[in-house]
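Asker: The sequence and its predicted three-dimensional model are supplied below.
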Amino acid sequence: MTLAPDKPLAPADAELQLRLDGAWLALCPLARLTPGRGVAALLPGGRQAALFLDRDGVPYAIDNRDPFTGARVLSRGLVGTAGGRPFVASPLLKQRFDLATGHCLDEDGVAVRAYEVRLHRG
């Protein structure tokens, strides 16, 4: 079952932006994101980011590459919380990655890049 929020998460014309190399890069309109689900975005240079919007409307972006398998699949993982921290579980081996920091919750010393993101009104 999917629960819809009682109020809009952000202005309808908001877009998600990611900070890359000191500049803000526009990625997509907020309307393209579904709370609790991820989507992949191609970045300059061929990298991919996994974009997420939690059920409170907070955006996150981490590297889409699973460091355990090398596959670019984190955007397809299951989103949840552990100890009040949002995470995504890799769809392959199920390791969980903190969406705010990129740190793996199941394997010390392993992390993916976490990007600074913002919602911006066009």
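Answerer: Everything's here; your move.
Asker: helix or strand for L16, which one?
Answerer: Here L16, judged by DSSP states H and E, is contained in strand 14-20.
Asker: contact partners of that strand?
Answerer: The contact list for strand 14-20, computed with C-beta atoms under 8 Å, 6 or more residues apart in numbering, reads 24-30, 33, 41, 43-44, 49, 51, 53, 59, 61, 115-122. (Glycine included, C-beta is placed from N, CA and C.)
Asker: Separate out the buried members of those.
Answerer: For the contacts of strand 14-20, a neighbour count by 16 or more other C-beta atoms under 10 Å gives the buried set as 25, 27, 30, 33, 41, 43, 49, 51, 53, 59, 61, 115, 117, 119.
Asker: so of the contacts of strand 14-20, which ones are in strands?
Answerer: Among these, the ones falling in strands (DSSP state E) are 24-29, 41, 49, 51, 53, 59, 61, 115, 117-121.
Asker: that older thread, what's the average pLDDT for the strand holding L16?
Answerer: Regarding strand 14-20, the rounded mean pLDDT is 95.
Asker: Mind listing the strands that strand pairs with, and their directions?
Answerer: With DSSP bridges as the test, strand 14-20 is paired with strand 23-29 (antiparallel), strand 117-121 (antiparallel).
Asker: Just want the angle from the longest one to strand 48-53.
Answerer: So that's strand 23-29. Strand 23-29 and strand 48-53 are oriented at 60 degrees to each other (axes from the mean of the first three to the mean of the last three C-alpha atoms, to 10 degrees).
Asker: chain center to strand 23-29: distance?
Answerer: Taking C-alpha atoms, centre = their mean, to the nearest Å, the mean C-alpha location of strand 23-29 is offset from the chain mean by 14 Å.
Asker: And the shortest one, by the same measure?
Answerer: Put simply, strand 117-121 sits 14 Å off its chain's centre (C-alpha atoms, centre = their mean).
Asker: I'd like the mean pLDDT over that strand, please.
Answerer: Average pLDDT, strand 117-121: 91.
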